[in-house]
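Student: Curious how this folds, go ahead:
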Amino acid sequence: MSPYVLTMFIMSLGIGTTLTFASSHWLMAWMGLEISTMAIIPIMAQQHHPRSEEAATKYFLTQATAAAMILFASTTDAWLSGQWDISQISHPMSTTLIMLALALKIGLAPMHFWLPEVLQGLDLTTGLILSTWQKLAPFALIYQIAPNTNQTLLIIMGLMSAFVGGWGGLNQTQLRKILAYSSIAHLGWMIIILHFLPSLTLLNLLIYILMTSTLFLAFKTSQATKINTLALTWPKTPPLMALTMLSLLSLGGLPPLTGFMPKWLILQELTKQDLSIAATAMAMSALLSLFFYLRLCYTTALTTFPNTNNTTTPWRFKNNQNTSPLTITITTTLLLLPTTPAIMTMIS
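Tutor: Coordinates of the predicted model:
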């Protein structure tokens with residue numbers, strides 16, 4: 001793809017997301033979502049590989065379905081209430097339908113089925129964009145309509161996403177699918193607390209983006225796409241693999257790493273809201289996710305070629321990638337936990 005064309009698509013991604021951020025009218029927000037969708041599909045299909053084209057087609061169909069649901073529900077609410085303001089949506093049917101459509105947009109359970117398959121067909125750079133940037137615009141809409149949404153619906157979707165993300169990743173060998181199920185689980189943590197403390201949801205989203213960016217960049221640097229490839233990467237770059245292992249543990253929410261902060265604060269807030277059963281269920285779901293993160297850590301750090309692997313050793317070409325973004329994200333992924341009191345003071 002020409003650099004000028006790629007630049008145009010990247011700019012369109014930014015414009016679409018910004019338009020949704022700045023909109024208070026449902027039609028303008030819908031237009032921003034459509035611009036973002038239309039911009040990323042050519043980026044997905046640029047490899048001209050059957051898997052990437054299949055992923056782009058699946059992504060287009062799911063996003064088009066979600067966009068049609070949003071347009072239908074917002075039009076219905078405007079018919080009933082006479083206004084198009086996003087934060088003033090009031091009809092229960094319209095609110096529920098839009099929430100389900102936005103769940104389909106970002107891959108929340110039970111609308112999650114497309115995400116692992118689509119992410120598996122993409123390269124790591126495009127997968128990073130899909131897992132981080134493409135979730136911002138739908139989340140902006142979810143954040144605005146959350147006060148008018150049924151609290152029980154959000155709790156159910158959060159619990160389902162956390163358990164689906166934990167169970168789904170247990171039997172996977174592809175790193176992109178594991179990261180997709182990790183995304184589903186983290187979205188469940190964000191949604192379950194959204195009605196009670198929205199600022200905590202935004203903090204969780206920011207930390208999720210940092211941790212996910214770290215792992216995508218690390219896997220891209222080491223050119224790893226499968227679990228058994230990780231066993232070959234330790235002799236090549238031991239420092240990077242050690243930090244990647246710690247980043248995986250942070251993604252699982254182990255103290256004293258950054259990933260522990262949002263889980264700790266969310267469980268504390270759920271307990272304050274007298275939702276002890278939901279808090280216990282979320283903590284149990286974190287154990288499911290932690291199991292496959294530990295499996296990745298075992299393969300990364302405690303095995304060496306050829307003990308667990310039948311593939312040949314890859315060529316060790318010189319790596320010319322820029323590692324500055326990876327350095328920044330790894331640092332924040334591992335060392336932000338001591339700043340928790342200061343962060344809570346800012347968001348409360």
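Student: Only C-alpha atoms from now on, for both contacts and neighbour counts.
Tutor: Fine.
Student: Need the phi and psi values for residue 85.
Tutor: phi -70, psi 130 (degrees, to the nearest 10).
Student: And residue 174, by the same measure?
Tutor: Here residue 174 shows phi and psi, under degrees, to the nearest 10, equal to phi -90, psi 130.
Student: Got the domain ranges for this structure?
Tutor: 1-149, 153-348 (automatic domain parsing).
Student: Any stretches of the stretch 101-250 of the chain with poor pLDDT?
Tutor: Within the stretch 101-250 of the chain, no stretch has pLDDT under 70.
Student: how about 80 then?
Tutor: Along the stretch 101-250 of the chain, segments meeting pLDDT under 80 span 231-232, 234-236.
Student: residue ranges for the strands of it, please.
Tutor: Listed in chain order, the strands of the stretch 101-250 of the chain (DSSP state E, counting those that start in this stretch) amount to none at all.
Student: Tabulate the CA atom coordinates of stretch 278-293 in PDB.
Tutor: C-alpha atoms of stretch 278-293 as PDB (Å, rounded to 0.1, in the frame of the first residue of the first chain):
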ATOM      1  CA  ALA A 278     -20.400 -10.200  41.700                       C
ATOM      2  CA  ALA A 279     -17.100  -9.200  43.200                       C
ATOM      3  CA  THR A 280     -16.300 -12.800  44.100                       C
ATOM      4  CA  ALA A 281     -17.300 -14.000  40.700                       C
ATOM      5  CA  MET A 282     -15.000 -11.400  39.000                       C
ATOM      6  CA  ALA A 283     -12.200 -12.400  41.300                       C
ATOM      7  CA  MET A 284     -12.700 -16.100  40.300                       C
ATOM      8  CA  SER A 285     -12.800 -15.200  36.600                       C
ATOM      9  CA  ALA A 286      -9.400 -13.400  37.000                       C
ATOM     10  CA  LEU A 287      -8.000 -16.800  38.100                       C
ATOM     11  CA  LEU A 288      -9.100 -18.300  34.700                       C
ATOM     12  CA  SER A 289      -7.300 -15.600  32.800                       C
ATOM     13  CA  LEU A 290      -4.200 -15.800  35.000                       C
ATOM     14  CA  PHE A 291      -3.900 -19.500  34.100                       C
ATOM     15  CA  PHE A 292      -3.200 -18.900  30.500                       C
ATOM     16  CA  TYR A 293      -1.000 -15.900  31.200                       C
END
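Student: thinking again about what came up before, let me have the domains of the chain in a markdown table, extended by mean neighbour count.
Tutor: Supplementary listing: these in a markdown table, determined by neighbours: other Cα atoms under 10 Å:
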| stretch | mean neighbour count |
| --- | --- |
| domain 1-149 | 19 |
| domain 153-348 | 19 |
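Student: Which residue, other than its chain neighbours, is closest to residue 135?
Tutor: Closest residue to residue 135 apart from its sequence neighbours, by Cα to Cα, 6 or more residues apart in numbering: residue 106 at 5.6 Å.
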